[in-house]
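1. sequence first, then the predicted structure, then my questions.
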Amino acid sequence: MTEFQIRSYTPRDAAWVQAAHARHYWSVDGFDDTFGALVESILRDFDADHDPAREAGWIAVDDAANPVACIFCVAVDTQTAKLRMFLVTEAVRGCGLGFRLLQTCIGFAQAKGYKGMRLWTHESHVAACALYRRNGWRLVHSKPVHSFGQDLVEQEWEIHF
């Protein structure tokens, strides 16, 4: 059985994070190239401007040190953090790694003094939404959109500490 390690994100992980998101969401949801470009832009901004005292990213790696999952925590304001770019690759889903990453991110936000967190996702991400719900998040807004070449239902979730 593979033992996954969670380590801090570094800018050298950006190419993997962008490619993994683009590949996954193209194959699973049919997202077009605008999604990969969005992830690339978010990473570029994070690498250029994030506050390491209040923002972080994590990469989960397998026994061979290959990246298999990621999650990020960024500031919205002094009281609220935002969960971003959460991805667990298909090959390692169902082993509790998503839960571990989510707890890592939430624990970081709490330790840094945030009072709550927000996230943005789509209704079609059923497993992720179930994970959020099981861990105390609540759906606060939902609306139909056309994004990334698809008709989707965009969702906003939040949790308060």
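-> Looks like it arrived, so ask away.
2. make it CA atoms for all contacts and neighbour counts henceforth
-> OK.
3. show the contacting residues for residue 71.
-> 57, 58, 59, 83, 84, 85, 86, 87, 101, 102, 105 (C-alpha atoms under 8 Å, 6 or more residues apart in numbering).
4. let's see it at 10 Å
-> 8-9, 17, 56-60, 83-88, 98, 101-102, 104-105 (C-alpha atoms under 10 Å, 6 or more residues apart in numbering).
5. give me the pLDDT value at residue 3.
-> Here, the pLDDT recorded for residue 3 equals 89.
6. confirm that it lies within a strand, as I assumed.
-> No. Counting by DSSP: H, G, I helix; E, B strand; the rest coil, residue 3 falls outside a strand, being coil.
7. show me the contacts for it.
-> Contacts of residue 3 by C-alpha under 10 Å, 6+ apart are 61, 62, 63, 64, 97.
8. got the phi/psi numbers for it?
-> For residue 3, the backbone dihedrals (degrees, to the nearest 10) come out as phi -100, psi 120.
9. any idea how far residue 67 is from it?
-> 12 Å (C-alpha to C-alpha, to the nearest Å).
10. overlap in contacts of the two?
-> In contact with both residue 3 and residue 67: residue 61, using C-alpha under 10 Å, 6+ apart.
11. flag every buried residue along stretch 54-71.
-> Neighbour counts over stretch 54-71 (16 or more other C-alpha atoms under 10 Å) mark 54-61, 67-71 as buried.
12. ok, how many other residues are close to residue 31?
-> 19 (other C-alpha atoms under 10 Å).
13. pLDDT at it, what is it?
-> Reported pLDDT for residue 31: 96.
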